[in-house]
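In: no sequence on hand, only this structure:
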């Protein structure tokens, strides 16, 4: 009865018959003893029925039971039995079904083992041998798709070819064998891109269709496969007739299949793919609508447990993504994310298709990032794409594509965060993708082009010609390998044009710019106006014409540039993330025309374009910052107020110098905008807005230190209204502070997943959470401007112990803004006798003279006549006008000298204002009139406004002998001098071998004051690695700033160059003294250049005798103590020997 019902089901497809067959078969098996001659037959029949129901309903329990019963059947029957091969074949097919459902590789291995033994036990000439060969070939095909081994595909082709050859043309199974053989040839085509392989696939599929009678249940499936093969040929050759054939066959497959058939959804899904391909080629919206309609029907007609559900969801998500890319509809990308996320969620990690779905979802997350600018989406993209790469063996044909996509995401993160390690990761991934892609593969040109782009970007960063040569070579190969009609040909032409432009700019060969324009013109001509890449191509060709104009000054070239770029802007939605880039390029061309022709209307157009770009909602902070500054420049040129432009620039600053990046990277970012604050302040001063100038100078200088200080806020005021939120901010701030001070992370050996990547993403996520929490805080009444840049009324509160003089230097003017204690007014002192160029020259000559005088603790005597002239100039044109404005010269203070704090910008940051003077024996100098201190910003003083009442002693660290450094014998004397005061305050000493890095840090934590007598080094290329030399290594600025020392007072840095900044970043205070200030020491004694070893003990002795003379540790007297010590040294060695006494300075409070 079970057999009869199974046959009835096979004939009519009624599920009730199959269920009854299984019920009767189960009873029959239970009632039959193991030694019964029919037991194996009944087990096999029951297993076959369960296998049929699994194919219909997809229930895992059915295929598991089928395997159980069929395995028993195989075990109970001898190899010599004529039914053994058939039972093995059925068991192999059940293992196949389990594999396709669950994706377990072991299931496929079991299938191959069973089917291989089936073929082995079947004699040649047996009527079932072709069928079993075909089944075995199909399993090897599955193995190839799982692991990508060519040997597996070769096995599939061998067995399927045998099946076809052994079967006469009129045999009813011949079409199915041809169909499977065609599928394997199509797989080989997808791997190697050889046209002969896809032609063979089409030939076999065509024969399969022609041999299948109308009305046959498998006719639609064979038509479907023929359509898919024609699609493959279209994607390789680009012939629309091939696509038309594919659509025709796929439509027939769909129309011939009743709605209840399990195959209908597959045919609909593939038909949707074909209409999508047609849309991508022709851009007709109706085609895209058809694609989504067919694929939606396929998804909604598929049960959740069906093994094909994820694939259909993924393809539907792809179509919605294409709609988003073309029309920018938010609903489209939301739908795409929804469907592709479901595809990933419904697929087990072990399933062979899981990497593909993760890769596709990662690509989609990248698109979300490009649209919305939120790094969360980019990190999701990297996560999914990295997992797709990791889950896929190198032999798999999809591995190269996954690597290429991952590389593109790394490139996007580099574009956003400008971390060079991300670019290295991108190049590594793209290189591996190219290596894994065989010649002739249809994707080879695209991967070569991607690799070329990565090398092009690295050339722009490092300017190494080898990168540019590689870029041009890769792009040229991409163009050569892509036939006319190739859908990506325009991309390759565009990229080649960009690289040739770079070489023209580097080598000035006219042929390069002309060739670049030619290739770029072809790219534009090949791309319809509705294509999403068209605006970018128009912008690029416009840039080429502008480059040509700048070289040959042919005005018509500039006209071409503006024409193309204007069209590119017009074709781009206001919400498109690349809109600011296009606007910036157009604005620059308009600006060039205005400059060349003196054309006011072009300048007004440029201003409007830059304003639009700078204030766009897109997330392009580096480009928008350029636009904001160009907007300000154009405004000034037209006589308009640049106020709004500068406000836009400063609003962009936190996004550009983002707290989610390492300190080193933020410093590198600041180089491009190092004069923003001084430029904006110069304008504000010129129109009398001194308060605004002060605010901008605080916002735009020492930006990185300011961010660190923000993270070290105790959040006490917020705690009073929302203690929970304040605690969350403290936690995030502490973790951000810790990761932010790490060095730039290195690429891992594999270049894909690494600890470095995880740390970087962790840093980024912390920054996003930090910003989210701050936004929550700003929703609380009274906290609307919480942790926002300070207003001038708050900034001027820093002036407690005497005036603060903020000196702004700019190309157009130099001014001193003076903030007085207990005053709301800001005084402006124009420094008309000085200009930025002169200050740069003095700074360079002064430090060249002093900096080349290295000896013990770095110093030997050098000629001073020229340096004295420099000090006289600084006195006459900078310091004297300021002191006169303060009435300190005409009415000198007869008792205690007033205290003044210098806060400088630009080249002024490297000049010893405290030592300025004529030194003619008659005239006063700075130190005769005032006691000087320095500060990187006024905010730094506010951070340390309340002296700690907790004092825990003095730590003295000495290192007379450091590996590779000159001996410092006087450090021993220096520590002995300091030790004399151990009766006044708790004293701890680390000297020689005991002065190790970890021991020093631990002791610094335990003591309020620290004295470091050792060598130091300043690294201008990487300031975070500036360091003190200790016994077992170096104590770096990075390590110091990572600490949050509490209850600290004085840090005496008795080493060379501890207050020497980076002339590339004069306003960022990237020196050891500033690092100690940020680490929690409010008062610093440091050195501007080399000091003499024998001078250090004298200075230290007098400083500590002054500070501890009444038995108290009071760091607020440090400036006056140092002033007295330097005065004594100056008297001993002579005031004109200023190289020895002038380097000692005080910083802080």
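Out: Arrived safely. Everything numeric in this text was worked out from a predicted model, so none of it was measured. Numbers count the residues shown, from 1 in each chain.
In: low pLDDT regions in the stretch 601-750 of the chain?
Out: Applying pLDDT under 70 to the stretch 601-750 of the chain flags residues 618, 740-750.
In: and for the closest residue to residue 217 other than its chain neighbours, the neighbour number?
Out: Here the nearest residue to residue 217 in space, its sequence neighbours aside, is residue 261; by C-beta to C-beta, 6 or more residues apart in numbering that works out to 8.0 Å. Every C-beta, even on glycine, is put in place using the N, C-alpha and C of the backbone. As a burial measure, residue 261 scores 16 neighbours (other C-beta atoms under 10 Å).
In: secondary structure class for residue 261?
Out: coil (DSSP: H, G, I helix; E, B strand; the rest coil).
In: quick check: it vs residue 307, distance?
Out: Applying C-beta to C-beta, to the nearest Å, the value for residue 261 to residue 307 is 16 Å.
In: and what of residue 620?
Out: In terms of C-beta to C-beta, residue 620 sits 43 Å off from residue 307.
In: out of those two, which sits in the busier spot?
Out: residue 620 (25 against 19).
In: next, that one: phi, psi?
Out: Here the main-chain torsion angles of residue 620 (degrees, to the nearest 10) amount to phi -130, psi 70.
In: got a list of what it touches?
Out: Taking C-beta atoms under 8 Å, 6 or more residues apart in numbering, we find residue 620 in contact with 373, 577-578, 580-581.
In: do residue 923 as well
Out: Residues in contact with residue 923 (C-beta under 8 Å, 6+ apart) are residue 917.
In: count of residues packed around residue 555?
Out: Using other C-beta under 10 Å, the number of residues around residue 555 comes to 10.
In: pLDDT at the residue nearest to residue 217, what is it?
Out: Residue 261 carries a pLDDT score of 70 in this model.
In: show me the contacts for residue 531.
Out: Under the criterion of C-beta under 8 Å, 6+ apart, the neighbours of residue 531 are residue 283.
In: host element of residue 1028?
Out: Here residue 1028, judged by DSSP states H and E, is contained in strand 1027-1030.
In: give the partner strands of that strand in its sheet and their orientations.
Out: For strand 1027-1030, the paired strands and their directions (DSSP bridges) are strand 1016-1017 (antiparallel), strand 1033-1036 (antiparallel).
In: in the stretch 451-600 of the chain, mark out all the helices, start to finish.
Out: Ranges of helices within the stretch 451-600 of the chain are 465-481, 489-507, 510-525, 534-552, 555-570, 579-597, 600-614, based on DSSP state H, counting those that start in this stretch.
In: could you dump those helices to TSV with distance to residue 1108?
Out: TSV is the format used below for those (distance: least, C-beta to C-beta, whole Å):
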stretch	distance to residue 1108
helix 465-481	59
helix 489-507	62
helix 510-525	70
helix 534-552	65
helix 555-570	69
helix 579-597	59
helix 600-614	55
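In: closest to residue 15 out of these?
Out: Each of those was scored for nearness to residue 15 using C-beta to C-beta, and the closest is helix 489-507 (51.1 Å).
In: tell me what that closest one is packed against?
Out: Counting contacts by 3 or more C-beta pairs under 8 Å, 6 or more residues apart in numbering; DSSP states H and E, helix 489-507 packs against helix 444-462, helix 465-481, helix 510-525, helix 534-552.
In: any chance of those in TSV, with distance to residue 708 and mean neighbour count too?
Out: Output for these, formatted as TSV (distance: least, C-beta to C-beta, whole Å; neighbours: other C-beta atoms under 10 Å):
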stretch	distance to residue 708	mean neighbour count
helix 444-462	26	22
helix 465-481	34	20
helix 510-525	45	19
helix 534-552	38	22
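In: could you dump those helices to a markdown table with mean pLDDT and distance to residue 1117?
Out: Formatted as a markdown table, the helices and strands packed on helix 489-507 follow (pLDDT from 0 to 100; distance: least, C-beta to C-beta, whole Å):
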| stretch | mean pLDDT | distance to residue 1117 |
| --- | --- | --- |
| helix 444-462 | 94 | 49 |
| helix 465-481 | 95 | 56 |
| helix 510-525 | 95 | 66 |
| helix 534-552 | 94 | 59 |
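In: now the ones you listed as CSV including distance to residue 798?
Out: CSV is the format used below for the helices and strands packed on helix 489-507 (distance: least, C-beta to C-beta, whole Å):
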stretch, distance to residue 798
helix 444-462, 39
helix 465-481, 47
helix 510-525, 54
helix 534-552, 46
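In: residue 842 is nearest to which of those helices?
Out: If you check each of these against residue 842 by C-beta to C-beta, helix 444-462 wins as the nearest, at 32.5 Å.
In: how big is the angle separating the closest one from helix 489-507?
Out: If you take axes from the mean of the first three to the mean of the last three C-alpha atoms, to 10 degrees, helix 444-462 sits at 30 degrees to helix 489-507.
In: ok so, going back, nearest to residue 1090, of the helices and strands packed on helix 489-507?
Out: Across these, residue 1090 has its closest neighbour in helix 444-462 (32.4 Å, C-beta to C-beta).
In: could you find the closest non-adjacent residue to residue 695?
Out: Spatially, and ignoring its direct neighbours in sequence, residue 695 is nearest to residue 792 (5.4 Å; C-beta to C-beta, 6+ apart).
In: gap between that neighbour and residue 282?
Out: Using C-beta to C-beta, which is the criterion applied here, residue 792 is 61 Å from residue 282.
In: please say which of the two ends up with more neighbours.
Out: It is residue 792, of residue 792 and residue 282, that has more neighbours when counted by other C-beta under 10 Å, with 20 against 12.
In: quick revisit: what's the residue nearest to residue 695 in contact with, if anything?
Out: Counting by C-beta under 8 Å, 6+ apart, residue 792 makes contact with 690-692, 694-695, 826.
In: looking at those, spot the one nearest residue 989.
Out: residue 694 (43.5 Å).
In: these two touch, right, that closest one and residue 818?
Out: No - assessed by C-beta atoms under 8 Å, residue 694 is found out of contact with residue 818, at 10.5 Å.
In: common neighbours of the two, please.
Out: Joint contacts of residue 694 and residue 818 (C-beta under 8 Å, 6+ apart) are 806, 826.
In: between those two, which has more neighbouring residues?
Out: Between residue 694 and residue 818, counting by other C-beta under 10 Å, residue 694 is the more crowded of the two (26 against 21).
In: just give the closest residue to that one, not the sequence neighbours.
Out: Residue nearest to residue 694 in three dimensions, not counting chain neighbours: residue 792, with 5.0 Å by C-beta to C-beta, 6+ apart.
In: same deal with residue 101?
Out: Going by C-beta to C-beta, 6+ apart, residue 101 has residue 307 as its nearest residue, at 4.9 Å.
In: look at that neighbour and give its secondary structure.
Out: Using three-state DSSP, the structure places residue 307 in coil.
In: now swap in residue 167 and tell me
Out: coil.
In: I'd say it and residue 175 touch.
Out: No - between residue 167 and residue 175 there is no contact under C-beta under 8 Å: 9.7 Å.
In: so who does residue 1086 touch?
Out: Counting by C-beta under 8 Å, 6+ apart, residue 1086 touches 1053, 1058-1059, 1071-1073, 1076, 1144-1147.
In: correction: residue 79
Out: Counted by C-beta under 8 Å, 6+ apart, residue 79 has contacts residue 121.
In: so it versus residue 72, what's the distance?
Out: As judged by C-beta to C-beta, residue 79 and residue 72 stand 16 Å apart.
In: now swap in residue 1005 and tell me
Out: Residue 1005 sits 72 Å away from residue 72 when distances are taken as C-beta to C-beta.
In: so between the two, which is more surrounded?
Out: Between residue 1005 and residue 72, counted using other C-beta under 10 Å, the more crowded position is residue 72 (20 against 13).
In: next helix or strand past the host helix or strand of residue 873?
Out: Using DSSP H and E, residue 873 sits within helix 865-874. As assigned by DSSP H and E, the chain's next helix or strand after helix 865-874 is helix 880-885.
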